[in-house]
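Asker: structure, please.
(2 chains)
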Amino acid sequence: MAAPPPPRDPLFEVEHLSLAYAGSRGQPPTPILKDVSVGVERGGALVLVGPSGSGKSTLLRCLNRLAEPTSGRVRFDGRDVRSLDPRELRRRAALVMQTPVLFEGSVRDNLRVRPAGTPGDFSDASLAAAVVEVGLDAGLLDRDAATLSGGEKQRVTIARALLRDPQALLLDEPTSALDPPNAALVVETVSRLRELRRLTIVAVTHQTDLVRRLGGGLLYLVRGEVVTYERADGAVTDARLLAFLAGEHASPATGRP
Amino acid sequence: MSAAGSVLDLSLPQLALALLLVGVVIMISVRQELGIGRDLVVGSLRAIVQLYLVGLILAVVFHAARWYWVLLILAVMTAVAAQAATSRLAKPIPGARGIAALALTVSTAVTLAYVIGVIVQVRPWYDPQYIIPIAGMILGSAMTSAALAGDRLQGDLRVRADEVEARLALGFSGREAVQPMARAALRAAMIPTVNGMMTVGLVQLPGMMTGQILAGSSPLLAIKYQLVVVFMQAAATALASLLFVRLAAGRYLTPAHQLCRHLL
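Answerer: As a prediction, the model looks like this:
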């Protein structure tokens, strides 16, 4: 299969990663990922595509160690993630989830949610700057988080990640729970941030718009296995990948089926 | 054995009359097509056999009054309670029975030691007349609260898994990330006890007080014991559910602060 070439200055290196969950009561283990290898350049982007159940989200969660591979290795910034404090790793590689999770309280409360001892600037000025950076009005800070629209919520979770000054953003279908105009705003925000902050981005997405805007690598997974890897900024050549993207393009608003 | 001079004995024919009450329930079940007729028959038979056996065993243990027999009975009661506390979970919590056994043993032992040794001051401590019914009441509350806590914890973790992962992704530890669900489970487990304390004696006379009064005690002595029972049950409830929630939540977390979603 088209194995991705190793990047020159990788932030993430995934080497022969496999993950299976132990079967319950005599059932065979359920394989989720099978021998996946891929790298992500520092400041670059990687987009994970594939049908639902192909292991994209699990692969993404292996990068910040929310999921534990059965075999293989993930390196972050040259170091095996198992040698890092997972809480520190997750601050440096921030996850944005499909359904934005905001806690009870105002937007300000939500931006400030953090474990004791988290480094970073959480002053009012800094919070306001983060909100503006994701394209929202600073006046939103005092709003009850529950009253925000889906697109606003998603951008607040991105702002929350930015306040930790991460090196990478991990996006798990960040737009699939949103309507097209809001999805476009999130795509816009993410691509702008990437250029502005030199963020490394790994995204699971069905949104062809986001794929195109991010550029970088395009990894096509089916049933936990890498089918093909291409550069998304060039012309996509693999027929299966083209067909998959075309199918998704025909119904851009569909989320996880 | 306790002096129970004023208690009317029940003859077997009188007991058989009590079975007619179950007959009413079965009739309703059949008429209303509830489909629980068979369960009712089995349940009634089990009640008869179980209670008769327990009565026989207790009679022997009361007569022998040896500490090791008492401990054996308590161990069997705890094992059955641990099994019952975890048998109705929607999806098994890994190692739930062991966790329940530990939580019930510790909470019951602590509460029981205080009630028997410090409050009532039973001598010898293993006098079956006191320790067995008191342990039974403590275990009963501990069991119910552990079951409620487990059910709520599991349901909440499943429904709110994204919230847990969001907290983990923000750098919280596993323990911190499940704290809101653990708190909700503890509250759910303790609310029936707190409500029970509010209405005790007003809505119904508690079983133990009823029993004491039937056995000839003065109501004023019966309420003193009942108060001890209410407070000890509250303590056992809190201890058992706290231990169970702590240990059970840990089963869904790894040392690397991960949530085991596939177990939920």
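
Asker: so what touches the helix or strand of chain B with the lowest mean pLDDT?
Answerer: The helix or strand with the lowest mean pLDDT-type score in chain B, counting by mean pLDDT, DSSP states H and E, is helix B:207-214 (a mean of 87). Contact partners of helix B:207-214, identified using CB atoms under 8 Å, 6 or more residues apart in numbering or on different chains, comprise B:7, B:133, B:137, B:201, B:205, B:219, B:221, B:222, B:223, B:225, B:226, B:229. Yep, even glycine has a C-beta here, placed from its N, CA and C like the rest.

Asker: report the buried residues of the helix or strand hosting residue B:181.
Answerer: Of the helices and strands defined by DSSP states H and E, residue B:181 is found in helix B:179-199. Within helix B:179-199, the residues that qualify as buried are B:180, B:181, B:182, B:184, B:185, B:186, B:188, B:189, B:190, B:193, B:196, counting by 16 or more other CB atoms under 10 Å in any protein chain shown.

Asker: can you add distance to residue A:102 and give those back as TSV?
Answerer: Converted to TSV, the buried residues of helix B:179-199 look like this (distance: CB to CB, whole Å):
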residue	distance to residue A:102
B:180	14
B:181	17
B:182	21
B:184	18
B:185	22
B:186	24
B:188	24
B:189	28
B:190	28
B:193	33
B:196	37
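
Asker: picking up where we left off before, show me the two of the contacts of helix B:207-214 that sit farthest apart.
Answerer: Checked with CB to CB, those reach their widest spread between B:7 and B:201, with 22.4 Å between them.

Asker: elements contacting the helix or strand hosting residue B:237?
Answerer: Element membership for residue B:237 (DSSP H and E) is helix B:219-251. Contacts of helix B:219-251 with other secondary structure elements, assessed using 3 or more CB pairs under 8 Å, 6 or more residues apart in numbering or on different chains; DSSP states H and E, are made with helix B:96-113, helix B:128-159, helix B:179-199, helix B:207-214.

Asker: please see if the helix holding residue B:181 touches chain A.
Answerer: No. Interface with chain A: helix B:179-199 contributes nothing (CB under 8 Å from any CB of the partner chain), its closest point being 8.7 Å away.

Asker: got the residues of chain B near chain A?
Answerer: Contact residues (CB under 8 Å from any CB) of chain B with chain A: B:162-163, B:165-173, B:176, B:254, B:256-259, B:262.

Asker: again, 7 Å this time
Answerer: For chain B, the residues found near chain A under the criterion CB under 7 Å from any CB of the partner chain are B:162-163, B:165-166, B:168-173, B:176, B:254, B:256-258, B:262.

Asker: out of these, which sit inside helices?
Answerer: When the residues of chain B next to chain A are checked against helices (DSSP state H), the matches are B:162, B:163, B:165, B:166, B:168, B:169, B:176.

Asker: so where's chain B uncertain?
Answerer: Chain B contains residues with pLDDT under 70 at B:1-6.

Asker: over to residue A:170: give its phi and psi.
Answerer: phi -110, psi 120 (degrees, to the nearest 10).

Asker: where in the stretch 1-150 of chain A is pLDDT low?
Answerer: Counting by pLDDT under 70, the stretch 1-150 of chain A contains low-confidence ranges at A:1-3, A:24-25.

Asker: any residues touching stretch A:96-106, and which ones?
Answerer: For stretch A:96-106, the surrounding residues in contact (CB atoms under 7 Å, 6 or more residues apart in numbering or on different chains) are A:110, A:113, A:141-145, A:153-154, A:156-158, A:161, A:169-174, A:176-177, B:162-163, B:166.

Asker: filter the residues you listed down to the buried ones.
Answerer: The neighbour-count criterion (16+ other CB under 10 Å) marks A:110, A:113, A:141, A:143, A:145, A:153-154, A:156-158, A:161, A:169-174, A:176-177, B:163, B:166 among the contacts of stretch A:96-106 as buried.

Asker: please flag which of these sit within helices.
Answerer: Secondary structure assignment (DSSP H) places A:110, A:153, A:154, A:156, A:157, A:158, A:161, B:163, B:166 from those within helices.

Asker: so what's residue B:141 closest to, chain neighbours aside?
Answerer: Counting by CB to CB, 6 or more residues apart in numbering or on different chains, residue B:141 lies nearest to residue B:233, which is 4.0 Å off, once chain neighbours are set aside.

Asker: distance of the one you found from residue B:219?
Answerer: Going from residue B:233 to residue B:219 by CB to CB, to the nearest Å gives 20 Å.

Asker: the two: which is more packed in?
Answerer: More neighbours surround residue B:233 than the other of residue B:233 and residue B:219, with 22 against 12 (other CB atoms under 10 Å in any protein chain shown).

Asker: check what pLDDT the residue most central in space within chain A gets.
Answerer: Closest to where the C-alpha atoms of chain A average out (CA atoms, centre = their mean) is residue A:171, at 2.0 Å. We note a pLDDT of 95 for residue A:171 in this prediction.

Asker: what's the closest non-adjacent residue to residue B:119?
Answerer: Nearest residue to residue B:119 in three dimensions, chain neighbours excluded: residue B:228, at 5.9 Å (CB to CB, 6+ apart).

Asker: what residues does stretch B:83-97 touch?
Answerer: When contacts are defined by CB under 7 Å, 6+ apart, stretch B:83-97 is touched by residues B:82, B:100, B:143, B:146, B:147, B:150, B:151, B:154, B:155, B:248, B:251, B:263.

Asker: one more pass at 6 Å, please.
Answerer: With contacts defined as CB atoms under 6 Å, 6 or more residues apart in numbering or on different chains, stretch B:83-97 is touched by B:82, B:100, B:143, B:146, B:147, B:150, B:248, B:251.

Asker: list the helices and strands the longest helix seen in chain A packs on?
Answerer: Across chain A, the helix with the greatest residue count (assigned by DSSP H) is helix A:180-197. Of the remaining helices and strands, those touching helix A:180-197 by 3 or more CB pairs under 6 Å, 6 or more residues apart in numbering or on different chains; DSSP states H and E are helix A:150-162, helix A:208-214.

Asker: just the CA trace of it, in PDB.
Answerer: Listed next in PDB are the C-alpha coordinates belonging to helix A:180-197 (Å, rounded to 0.1, in the frame of the first residue of the first chain):
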ATOM      1  CA  PRO A 180     -23.200  24.500   6.600                       C
ATOM      2  CA  PRO A 181     -22.800  28.200   7.400                       C
ATOM      3  CA  ASN A 182     -21.500  27.400  10.900                       C
ATOM      4  CA  ALA A 183     -19.300  24.600   9.600                       C
ATOM      5  CA  ALA A 184     -17.800  27.100   7.100                       C
ATOM      6  CA  LEU A 185     -17.000  29.500  10.000                       C
ATOM      7  CA  VAL A 186     -15.300  26.800  11.900                       C
ATOM      8  CA  VAL A 187     -13.300  25.700   8.800                       C
ATOM      9  CA  GLU A 188     -12.300  29.400   8.300                       C
ATOM     10  CA  THR A 189     -11.300  29.700  11.900                       C
ATOM     11  CA  VAL A 190      -9.200  26.600  11.900                       C
ATOM     12  CA  SER A 191      -7.300  27.400   8.700                       C
ATOM     13  CA  ARG A 192      -6.600  30.900   9.900                       C
ATOM     14  CA  LEU A 193      -5.300  29.800  13.200                       C
ATOM     15  CA  ARG A 194      -3.100  27.300  11.600                       C
ATOM     16  CA  GLU A 195      -1.300  30.000   9.500                       C
ATOM     17  CA  LEU A 196      -1.300  32.500  12.400                       C
ATOM     18  CA  ARG A 197       0.100  30.200  15.100                       C
END
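
Asker: tell me the SS of residue A:16?
Answerer: When the structure is split into helix, strand and coil by DSSP: H, G, I helix; E, B strand; the rest coil, residue A:16 lands in strand.

Asker: can I get the helix holding residue B:181 in CSV, CA atoms only?
Answerer: C-alpha atoms of helix B:179-199 as CSV (Å, rounded to 0.1, in the frame of the first residue of the first chain):
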residue,chain,number,x,y,z
GLN,B,179,-15.8,13.5,39.8
PRO,B,180,-19.1,15.0,38.6
MET,B,181,-20.5,11.6,37.8
ALA,B,182,-19.2,10.1,41.1
ARG,B,183,-20.9,12.9,43.0
ALA,B,184,-24.2,12.4,41.1
ALA,B,185,-24.0,8.7,41.9
LEU,B,186,-23.4,9.3,45.6
ARG,B,187,-26.3,11.7,45.8
ALA,B,188,-28.6,9.2,44.1
ALA,B,189,-27.5,6.5,46.5
MET,B,190,-28.1,8.6,49.6
ILE,B,191,-31.3,10.4,48.7
PRO,B,192,-33.6,7.5,49.7
THR,B,193,-31.9,7.4,53.1
VAL,B,194,-32.3,11.1,53.7
ASN,B,195,-35.9,11.0,52.5
GLY,B,196,-36.5,8.0,54.8
MET,B,197,-35.2,10.0,57.8
MET,B,198,-37.6,12.8,57.0
THR,B,199,-40.7,10.7,57.1
